[in-house]
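Q: Starting from these lines, generate the structure:
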Amino acid sequence: MHRFVSDPLAVPASLDGTAWTTAELLVYGVDHAGPSHEVRVFVDAPDADVQTPLTLEAGYAGCFTVFGHGGCFGDDDHCDPSDRFSDAYDVRLPHQSLPQTKVVRVTHAVRRADADAVTITLVAVEPDESGGPRASDAFAAEEIRLVTYAGAGNVD
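A: Coordinates of the predicted model:
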């Protein structure tokens, strides 16, 4: 999917009445089995695409990159995390093919929206032959979530 537009996401208020200082977008279940690509994050810019300027005024909030594996080159089931033996005493790192979680700090764009809910647009891009951006179908994720944090100061 080269472009994803969310339903409106509530901008969470703090629990104790303290104003929030930081907002983050969490993207769960990011698939990285295919090619490498960049995912651009826009707030309240449902028409954003590859050509949208990367400016706060255009809703640009940040990006994350996916270092893709480009497919599996090992034996059958080499990249299948469910095929890996594990027990309670296994100290190995998690299987390298498990989906990832990405975090993007979106504080400035959410603050600029100044709303109780925002729409998030994710635009996947990869370089074309000339080195410029083109839409990529490599992006896939399971869920997104907007979270805010309150603190003594802005931790941006």
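
Q: C-alpha from now on. contacts and neighbour counts both.
A: Will do.

Q: sec struct for the residue in the chain sticking out farthest from the centre, please.
A: Largest separation from the mean C-alpha position in the chain: residue 89, at 32.2 Å (Cα atoms, centre = their mean). Secondary structure, DSSP: H, G, I helix; E, B strand; the rest coil: residue 89 is coil.

Q: So which residue is smack in the middle of this protein?
A: Closest-to-mean residue, the chain, Cα atoms, centre = their mean: residue 27 / 4.2 Å.

Q: For the nearest residue to residue 20 once chain neighbours are set aside, give me its contacts.
A: Leaving aside its chain neighbours, residue 20 sits nearest to residue 150 (4.1 Å; criterion: Cα to Cα, 6 or more residues apart in numbering). Residue 150 is in contact with 14, 18-22, counting by Cα atoms under 8 Å, 6 or more residues apart in numbering.

Q: what do you get if the cut-off is 10 Å, keeping everything else the same?
A: Remark: with contacts taken as Cα atoms under 10 Å, 6 or more residues apart in numbering, residue 150 is in contact with 13-23.

Q: Repeat that for residue 128.
A: 134-136.

Q: Buried only: go through the residues you listed for me.
A: Among the contacts of residue 128, the ones that count as buried by 16 or more other Cα atoms under 10 Å are 134-136.

Q: Going along the chain, name the helices of this protein.
A: For the chain, the helices defined by DSSP state H cover 107-113.

Q: Could you tell me which strand of it is the longest one?
A: strand 20-30 (DSSP state E).

Q: so what secondary structure elements neighbour that strand?
A: Helices and strands touching strand 20-30, by 3 or more Cα pairs under 10 Å, 6 or more residues apart in numbering; DSSP states H and E, are strand 60-66, strand 100-105, helix 107-113, strand 143-150.

Q: Neighbouring strands - and their directions - for that strand?
A: Under the criterion DSSP bridges, strand 20-30 sits next to strand 100-105 (antiparallel), strand 143-150 (antiparallel) in its sheet.

Q: Output those as TSV; include the columns distance to residue 2.
A: Compiled in TSV, those are given as follows (distance: least, Cα to Cα, whole Å):
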stretch	distance to residue 2
strand 100-105	17
strand 143-150	16
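
Q: Just the pLDDT at the residue nearest to residue 20, thanks.
A: Residue 150 carries a pLDDT value of 84.

Q: measure the closest residue to residue 146 other than its chain neighbours to residue 103 for me?
A: In space, and not counting its chain neighbours, residue 146 is closest to residue 25: 4.7 Å by Cα to Cα, 6+ apart. Distance, residue 25 to residue 103, using Cα to Cα, to the nearest Å: 6 Å.
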